[in-house]
Each structure stands twice: as C-alpha cells, then as structure tokens.
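K.L.:
need a 3D model of the following:
(2 chains, ligands or ions: 1)
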Amino acid sequence: MLLAADAELADFGKLMIYTAMVVYALAFIAYITEWIFGSRSRVSRTATALTAQGAGATGKGAGDAAADADTADADTDGHDADGADGDSGTADEAPRGPAVTVRKGGTAKVLERPKVVTRSSTPSRDHLPDGPGASGGDGQGDLYGRVAISLTTLAFLLHFGGVITRAIAVGRAPWANMFEFSTAFSAVAVLGFLGFLAAGRKVRWIGLPLVTTVLLDLGLAVTVLHTESDQLPPALQSVWLWIHVGLAIICGAMFYLGMVATVAFLFRDRYESKLAAGGTPGRFASSVLERMPTSVSLDKFAYRINAAIFPLWTFTIIAGAIWAENAWGRYWGWDPKEVWSLITWLGYAAYLHARATAGWRGRKAAYLAIAAFICFLINYYGVNLFANSLHSYSGV
Amino acid sequence: MSEHTDPTSAGPDGRDESAEATDDASRLSTAPRTDAEREAAARRGGAAAGGDPAGAGSFGGIREPGLRGGLTWTGREAVGWARWIWRQLTSMRVALILLFLLALATVPGSLIPQEGASPVAAAELRENNPTLASVYDRLQLFDVYSSVWFSAIYLLLFASLIGCILPRAWQFVGQLRGRPPRAPRRLDRMPAYTTWRTEAAPREALVEAERLLRRSRFRVDGSGVPASEDAGAAGGSVAAEKGYLREAGNLVFHVALVVMLIAFAAGALYRSEGGKLVTVGSGFTNTLTQYDDFSSGTLFDVDDLERFTFDLDEFHADFVREGPDLGSARDFRADITYWRDGDTEGTEASVRVNHPLHIGDAKVYLLGHGFAPRVTLVDGQGEVAFSGPVPFIPQDNALSSTGVVKVTDYVGPDGEPDQMAFQGFFNPTFALTAERGPHSTFPDPDFPALTLNAYHGNLGLDSGIPQNVYQLDTRYMEQLTDEDGEPLRINLLPGEEWELPDDRGTLTFEGFDRWATFQVSSSAGNGWALIGAVGAVGGLAASLLIQRRRLWVRATTGADGVTVVEMASLGRSESARVPEELAELALALQPAAPMLPEADASGSDEAEPDAVRPGESDESDGPDEPDEADGPDERAGGDRSDVAGASDRGPGPVPSGDGEGRPGTRSASGTGTAGQPPGGADAEPDDTTPGAATDPEAAPGSRSEDLKE
Ligand code: HEM
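P.N.:
Numbering: from 1, shown residues only, chains lettered A, B, ... in the order given. This is a model prediction of the structure:
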C-alpha cells in the first residue's frame, strides 16, 4: 500500500518515464536526420575492396584499396581525428583527411614497436572495411549523430531515474509486473548500448533501431501494460525476485542488442554476397548498408554478446529453478514459463553449436540466434499474457 | 543430407587422428561402395556376380561362401554399421540437429494442457473435444515430457553428448601431458603475427621469450631453444600455450549436463508429494492415509515418509485495503506446532509462501487458504446430527467460496434415517447483486455470510464410487422448497439459526475457521542437480570467456647476419585479445631484443593506421576489436609477408571462404561454394593456416571446424 508521499514519488517516476519518451522521440528524429545526411556521401568502399580483390593479382592493389578505406575509418570514427570532420565526406571517393598526417606523425614515434598483423578465420571478407557509420562521414550528419547520442543519454538518465524512483516508491524490485518489467528492460538495453559506445565500440548505427524499439516498448508499457499495481503477491516476495528477474531483464536486453546485430548481419551479408557475385544492390540498400560495419564485424559483435550472456541466462534459469523449489516444492514443473525458458536456452545452445559446425556458420547460425530471441519474446509476452501459468504476473 | 557421404563426418577431432581411423572414416562413409570396388568384389566372390550388392558388404571384404563366411560378413557389416551410426550420432552436426529437435519437441507441451501440470484443463479438453483428445492421446500429447518420442530425443542427445565428451576428455588429458605443439614452419600464416629485426643473438631473444612466457603463465616448451651460444647461431623457437581452462570448462559443462540429467531422473523416481487441507485447530500426521492426494515416483517407498505430525494453530492473511491493489494479498502465514517421531514437546514454526518448513527430508509448503464455516445440524429428533467446520473452496480473489455440508447420520421427523445436504456459498464480505448473486467483495471476513440450499435423500455415498467432498450429486436427492414450490435459500450470519421446514430440525451457522492447504514433499537428487547446475554455469563461463591460444617465438639469423624475431599466436576461436596479447609480449621482449629501424620500410607501411600496437590499439577500434579492420594489406610492408599476402588472396575472381582451405565453410553466405580454392592455403600441405587443419594438433583454431565437417 502506498503512503501519500510514496504515491507522489510513484507519480513523479511516471512523469520521468513520460519525459524520457519525449526525449527519446527527439533522439529518434536526430538519428533519422543523421542517416539522411549520411546518404549524401556515396562511399562504395565495400565494392571497391571486393573488386580490388577480384582484380588483385598482386595483392598490393587490394592492400592499397583497403588501406584507403582504413584511413577513412580513422577519420570518421570520431575518436581521434581532430579537425577531420570538416573536410571529410564531401568527395565521392573515400575521404582523405588531415588525420592521416596526424597519424603518420604518431606512427613514426612508435615505430620501435613491432607491428602485429592479424587475420581472422574468414579471410575472404577480412579486408573489407567497416562502414563509416550512419553519418557516412558527412559532417552535418555526424553532428546530428552526436546530438542523437546526447539526447539518448539524457533520455536514458530520465528513464533510469524513473525506474529507480519507482523502486523507491514501491519499496521493492521495480519489476514485479509487465509494466515495470518493460520499462526496466528497455532501460537496460539503452544502458548496454551506451556502455558499448563508451567502450569505444562502433555501434552508433544501433541507435536508430534501438530507440525505435524503446519507444515502442515504453509506449506499450504505459498504455496496454500499464497497471497501478504496487503490490507484491506473496509468491513473489523473495530475494530471488531481485536475482532471477533482474538477471532475466539483463539477459533479455543484451540478447536484444545481439539480435539487432544479427539482423543487420543478415542484410549486410546478403549485400556483400551480391556485390561479390558482381550484382548491383538497390540504391537504398547500398546507401544504408554501405555505412554499416562489415558482416564479419557484425557477426562477431553478435556472437560475443550472445556467448557472454548465455552463461548468465543459464544461471537465470537455475536461479528460477531454485526459487520454484522454494515456492512450490519442485524446481522444475514444466510450467509454460519454464518450458519457454528452456526452449530459449536450447535455441541459444543450438546457435553456439551451429557457430562451431561447418555448414551452419554464418547465415544459418544467425537464423537460429533470431529464432532463439523470438522464443525469449514469446516467453515474455506470450506466456505472461496468454498462457495459464503460475508465472502470470502481468498485472494486466 | 550430405553428412552421409561426407568423408570427414567422423566426429570431434582426436577421435580419428590416426591415419587408420581417417581411412576408416572415409571407408565407412562410402557405403555402399563404388562401382569399381563392387565389381572387383563381385569378380572374386562368384556368387555375387551380376553386381548384386548383397555379395559385397558396405564395409569391405567379400562374402566367402559357407556359413563361416556368412557369419564373418554379417559381423563385419554389423560392426561397420554400428560404428558408422555411432560416428554420426556423436558428430557435432547431429548434436546440433538433436538440440534443435529437442527445442521443437518442447513446444507442444506448453500449448496443450498437460496431465501432470494442469489436469483440470486436460480433462476439460477431453470432454469438449473427444476426437482431438484421442488423437492427442495417441501421440502422448497430454504427457509430452514423459512421452516416448520426447524421451527418445533427449536420450539420443545425451548418448551423443557422452560419446562426445569421452574422446574429448581423453584427448584433453593427452594434451595436458604432452607439450605445446612446435612452431609451424610459416608463422606469418597465423591469425596474429609480428616480426622485427634485432641485433641481439637469436638465443638471447629466445631465452628471454621463454622466461617471459613462463612468467605470463603460459605452458612453455623451450626444447627448441638452442642449448648454447654456439649452437644457437642458426636460431630456434619457443612454443607456448595457455587457456587450457577453456577446454576444461567445456568438458565440465557437458559433464555437468549429464550429472543434471541423472539427478533429474533420480528425483523423478524417488520423489513423493502429497497435499493436505488442514483447518485451524486440527492437525495432520504424515502417513499415506491422511493425504487428500498423493503421488510419488516409481521407486519411492511409502515407509520412507518422514514421520511427523503437526497442528495448524493459526493462519494469518493480510490483504491490501485500499489503492489499486485493493484485495490483493500481502502476506500469508501459517503458524504450526510440529512433533517429530519421538518428540514429546512440539516445536513451533511458521510456514509462508516461498519459505517452506524443513522437517527431516520432508518440506512443508503453504499452498493455499480459505474458509471453513462451522455449522451444527440438529435433526428431526432433536439430536445433533452434525457439527464442525466444513471447508469451502474459494472461487475468486475475494474468496467467494462454494461448498457442501453432507450429513449422513440424520434422522427425519418421522424417525426414519435420512441424509441431508446443504449446498451454497460462504462469502467473507457478503454482497448481493442481480448479475452475480451472492458473492464476496473482499477476502477478509468483514461481513461474513453463509448462503445455503437444502437437500434430502440419498447422497450416493454407498455406491462405492469415490465422491468429491466439495461437490454434491443431486440425482437421488430432493431439494427443500417453500410453500410455492420455490427452492429454499437462506442467508445466515454467524450465530444465526435456520429452522428447516416440516420440523426437519435446525441448522446453526456457528462461525467459521480458516483453513490452509499444505504440500508435503520429499525429493531426491536435489543436491546433485544443484551441483550439476553450478558446474554447468561455471564450466560454461570458462568455456565461453577463456581463450585457448598458442604462441610461438622464433629467432633466426637472417641472410644479412641480423637476427629476425618472429612471433605468432593462434586463438581457438576468433578473439580480440589474442593479437593484443601478442603485441604486449612483443613489446615486453624489446629490452632483450631491441627493434632495429626498418631501413627499407615503405611509407605506406607507416601509414597503416590499424596495426595493433600496445597502448595504441584503441585509437581507432574498440579495445576489443583490433582485428576488425585489419586486412591482409597489413603485410604489404615486409617482403616476406608480401608473398604470403598475395598467395593468400589467391587468383580466384570470387572471394570465398575457402581461404581456410575448407571448401563450403561459409557456403551459407553464398560466397563459399563458387570460389575456387586460393592457391596459397592449399598448395602447402604442412601449412598451418588457421583452419587448414591438415593436422588437427597444429591448427587448434579449427578444432571446431574439423570436428564437425
Ligand atoms: C544437452 C545437449 C548439449 C548442450 C545443451 C550443449 C551446449 C553447449 C554450449 C552452450 C556450448 C558452447 C560453449 C562453447 O562454445 O565453448 C557447447 C560447446 C560444445 N559442444 Fe555442446 N552441448 C550439448 C551437447 C553436445 C554434444 C552432443 C556434443 C558432441 C557432439 C557437443 C559438443 C560440443 C563441442 C565440441 C563444443 C565446443 C564448441 C566450441 O568450442 O566452439 N555438445 N555445447
């Protein structure tokens, strides 16, 4: 039961969520603008690199092409290239900015260190340069991109604040019904995204799809799933609520990011294959996909997320089993929620095995990963809303 | 499916390392044999002339005439096929398919009501849709998780799993006892490679490298380091390996799965579980006869039931009285006193949801609660025919409850024995509306009322068919009516009496008690299941987060008399850390083998922005992805690697996954199939291109590949 002060706090938390939604919407517009401005630059480094490779009898040619591309990368990455932003992205070819010189100078200093050459296990596409990101190296686009990130950060702070406020107001874990679960879920997804950015990963392209789904998710949360409920049914009163559900939220949010990367991988992979086979992808596809990381990078990124989260997901299920043992006297009862957790788990296990099995790597493994994530969603929405389950705490 | 003819489908590496085994594998997979072989066989064994495939076995050899020949042939065939099936079963591909199948097979159980989990819904479906239900029954869809087909899938999977771990464990032990593999001839083919020239002598560099690697907790094989300065002029190499915990973790994980399966099985065989409704003030003794319902595993012995009794002293329920959650429960607590076998004094304890009570091996769970109105019936002769609490069953969250009072020892006003029943509702907070009739609006007894109809006649209890105590069979009973023939219905407040018509006696609603339902269960194998689970998580984390990698350092005297140091490392799976680690070690080696400036280095070399250098790597890439944008172009600088780069890329016009020397590896991406194998990788059989895998030991990065192809 809420005291008056707590009720006020809860309302304040909700206000923060609504404000966050507005800011997310602004960020959404900024991302779109970034992509639009980015489409002005017509880089086609992938094709260049692939063609160079095709023609590359000497290997030197390909090397040069890729080196060009890498240079461009250094420019547009936004980490180090002082002053590079202004001049890059105006030409049709891969932009060369003053950053090259800067780096040359820098390189000269460290020349006494040996240089490491790397090759990955998929050498055919190894040398493909990652796309420059949504802004496509366009100065204005990049500016909007930065604005979008700032807005996303602001929105996240509001969003996260809303979740925390809720937790304080109701005096328990802020994920006891679907409304709360959804809000917490998208907050963690955005946190993961910002974390990757802060760690220097080139994931800015995720911003647009992520913010879109966050808006959808929050919209759903405050309308369909909304409930004023602040109670915790006795069945949920346990530390395992913190552990089990908290972990499930983290796993789901990270799996989601992995899934976005996997979907992007599928598109980008098709694009590269088409180019490699000498085809010409549509203009829109070229424009968008050219700015994305390579299929190799995307696949790697998705794999690393999924592989790192899988043990955590395993632990989540085990924590749930321990909780069930405490609450109902059996750790496994084939309840729909348990069943779908297991299916999700098996799906990701199949994905990990597929990555290690010849003939399944690449696209087929990617399909498995997506199927596994869909199972996660079914477990969340489907079972909560429709199944006759002991776990139906949707509050709807 | 292609694996039937895939000559390398033999399964995980190590299982077929010997040449004989490989040969065997290809032999097995060519069953039935080629025409030429068959012809040759047919010529030898005259009986099978005409190309009759029965004459020649799938596994070599011909069928000699006579019984002995037949037996040998049959034996050979049987063994051959058995081995072939085993190989298939334990291949990664089949494991993957089984995993996938298991996931699919798990689905129907969540869509169709299961006999075990939701018997009521299952019974409903049976009643409403008998045709469908009979189909379901035939397919065991009401009991998916114990069905033959479900069990078959997971048992096959676990057979595959065991067949997979045994050889792997064996091989792993071998690796632990052996030495890290020697440096391959061409280090520049490794996923991460670096080289520099130095004035230090080869031996100096190598000794330092060995020390450095040991200090970094590598397992090091220094046998390639020249023993003395004189012998060291030509140079040598150091081999090192680290991250064995990855493999160990993987094994632990898979073994833990087996442990968990066994624990589940034991749990299912030895478990027992029973339910009991206890009214406040009464008790329960843990024997079979006292249970309302009881089920146990096939190997459970009822004599093993933990001996104890308990009394339910009090039951507390706390509900929200305002706000959006009005009426929802906040807390339930049953206060009990229990006695174990031989106890003279009881122990007080409370049982709450999520907080079961452990008594010996048994656990007592609080499952539900409700109200039991206390009624007293005085019969037509003025005798008390019935008195006591009767549990009513809640129908909704406000605890509107229904129930039946059955009275067998009733004597009518005419002195004839009769039976009576009262059926109706108990509502803790009574309300009456036109739509809903009598119901409850709040789960606490704020305004408790009992609403009853009355029947007399035959309860049907002597029919021998067990009856549900909460339901009334009115077939042989007659409802009491008022003068107009309308069924009688009365609402009673606690303490109120109901004078039954025709001098049939009085019913008094004395008050009410609360009751609680308990589940008493004993389980087996929980400890093992937990150990398995913890092992699985730990093993999984080790296996997915730790990188197994090999590292080699070679120092040789070049043509111009200057020492050339080469370092290379190879991770088992693509890893960001491996090149970084190499860079750091190379840097750490600098004091002992300082780098000579590259006199002939071209400008383009220096302009490479993406080479990994310690401390610099995160400038353009994330710290974890130094290898992302690096292409073979990197090696354009050094003349030696230039050659490698060129041959590597190959002459083929189509970029393909075949750089790994395994056609079709990435066929799914549409690039692997068309490509012609690039020259470099295939041209040199002793090459250790990652994945080239001519020798599984030398190309650990391809472990997964060679296993599963
Ligand atoms: C109950 C069934 C199984 C489950 C849930 C399961 C799960 C997993 C998981 C999650 C991994 C990822 C760990 C890693 O990549 O290192 C893995 C790896 C592996 N599993 Fe299984 N597994 C099962 C059965 C099998 C079977 C039957 C085989 C044998 C054919 C097998 C062979 C392997 C191998 C060789 C790896 C290592 C792959 C690599 O390191 O890339 N597993 N398993």
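K.L.:
pLDDT weak spots in chain A?
P.N.:
Along chain A, segments meeting pLDDT under 70 span A:1-5, A:41-45, A:47-114, A:118-127, A:229-231, A:386-396.
K.L.:
which single residue in chain A comes nearest to the ligand?
P.N.:
With CB to the nearest ligand atom, the shortest gap between chain A and the ligand falls at A:Ala356, namely 3.3 Å. C-betas here are computed from N, CA, C, even on glycine.
K.L.:
does that residue touch B:Arg93 like I think?
P.N.:
No. With contact defined as CB atoms under 8 Å, A:Ala356 does not reach B:Arg93; the gap is 10.4 Å.
K.L.:
of the two, which one has the most company?
P.N.:
Using other CB atoms under 10 Å in any protein chain shown, the more surrounded residue of A:Ala356 and B:Arg93 is B:Arg93, with 23 against 17.
K.L.:
check which helix or strand covers the more buried one.
P.N.:
Assigned by DSSP states H and E, B:Arg93 falls within helix B:92-106.
K.L.:
so for that helix, mean pLDDT?
P.N.:
Mean pLDDT, helix B:92-106: 91.
K.L.:
and the strands in the stretch 351-500 of chain B?
P.N.:
Along the stretch 351-500 of chain B, counting by DSSP state E, counting those that start in this stretch, strands occupy B:357-359, B:362-378, B:384-389, B:393-394, B:401-411, B:417-427, B:430-433, B:437-440, B:449-457, B:477-479, B:490-492, B:497-500.
K.L.:
for B:Pro167, find the nearest of those.
P.N.:
Among the strands of the stretch 351-500 of chain B, the nearest to B:Pro167 by CB to CB is strand B:362-378 (41.2 Å).
K.L.:
for B:Ser521, give me phi and psi.
P.N.:
For B:Ser521, the backbone dihedrals (degrees, to the nearest 10) come out as phi -130, psi 150.
K.L.:
was I right about it contacting A:Tyr331?
P.N.:
No. With contact defined as CB under 8 Å, B:Ser521 and A:Tyr331 do not form a contacting pair (11.1 Å).
K.L.:
give me the three-state assignment for B:Pro180.
P.N.:
Here B:Pro180 is recorded as coil under DSSP: H, G, I helix; E, B strand; the rest coil.
K.L.:
that one: neighbour count?
P.N.:
Using other CB under 10 Å, B:Pro180 has 20 other residues around it.
K.L.:
what's the closest non-adjacent residue to it?
P.N.:
B:Glu241 (3.8 Å; CB to CB, 6 or more residues apart in numbering or on different chains).
K.L.:
please determine how far that neighbour is located from A:Gly139.
P.N.:
Separation of B:Glu241 from A:Gly139 (CB to CB, to the nearest Å) stands at 49 Å.
K.L.:
those two: who's more crowded?
P.N.:
Neighbour count, other CB under 10 Å: between B:Glu241 and A:Gly139, B:Glu241 has more, with 22 against 17.
K.L.:
pretty sure A:Arg270 is in a strand, no?
P.N.:
No. Read with three-state DSSP, A:Arg270 is helix and lies in no strand.
K.L.:
that one: neighbour count?
P.N.:
Around A:Arg270 there are 18 other residues, counting by other CB under 10 Å.
K.L.:
state the distance from it to chain B.
P.N.:
Taking CB to the nearest CB, to the nearest Å as the measure, A:Arg270 falls 8 Å from chain B.
K.L.:
dump the residue contacts of the residue in the stretch 301-450 of chain B that the ligand sits nearest to.
P.N.:
Across the stretch 301-450 of chain B, the shortest distance to the ligand (CB to the nearest ligand atom) belongs to B:Lys363, at 28.7 Å. Residues near B:Lys363 by CB atoms under 8 Å, 6 or more residues apart in numbering or on different chains: A:Gly329, B:Pro356, B:Leu357, B:Val520, B:Ser521, B:Ser522, B:Ser523.
K.L.:
hmm, 6 Å instead?
P.N.:
Contact partners of B:Lys363, counting by CB atoms under 6 Å, 6 or more residues apart in numbering or on different chains, are B:Pro356, B:Ser521.
K.L.:
partner residues bridging it?
P.N.:
For B:Lys363, the beta-bridge partners are B:His358, B:Ser521 (DSSP bridges).
K.L.:
what's near enough to touch A:Phe193?
P.N.:
Contacts of A:Phe193 by CB under 6 Å, 6+ apart are A:Ile206, A:Leu210.
K.L.:
what about it, helix or strand, and which?
P.N.:
Applying DSSP H and E, one finds A:Phe193 within helix A:178-198.
K.L.:
and after that helix, which helix or strand comes next?
P.N.:
Next along the chain from helix A:178-198, counting by DSSP H and E, comes helix A:207-222.
K.L.:
quick one: list the elements packing against that next one.
P.N.:
Using 3 or more CB pairs under 6 Å, 6 or more residues apart in numbering or on different chains; DSSP states H and E, the elements in contact with helix A:207-222 are helix A:4-38, helix A:178-198.
K.L.:
before we move on, back to that, list the buried residues for the helix holding A:Phe193?
P.N.:
Using 16 or more other CB atoms under 10 Å in any protein chain shown as the test for burial, helix A:178-198 gives A:178-194, A:196-197.
K.L.:
and the residue nearest the centre of chain B?
P.N.:
Centroid-nearest residue in chain B: B:Leu257, 7.4 Å away (criterion: CA atoms, centre = their mean).
K.L.:
gap between that one and A:Gly333?
P.N.:
Separation of B:Leu257 from A:Gly333 (CB to CB): 20 Å.
K.L.:
domain parsing for chain A?
P.N.:
A:1-51+A:130-231, A:237-396 (automatic domain parsing).
K.L.:
helix or strand next in line after the strand or helix carrying A:Ile374, which one?
P.N.:
Under the criterion of DSSP H and E, A:Ile374 resides in helix A:363-377. Going down the chain from helix A:363-377, the next helix or strand is helix A:383-386, by DSSP H and E.
K.L.:
for that following helix, name the packing helices and strands.
P.N.:
Packing contacts for helix A:383-386, counted by 3+ CB pairs under 6 Å, 6+ apart, involve helix A:336-355.
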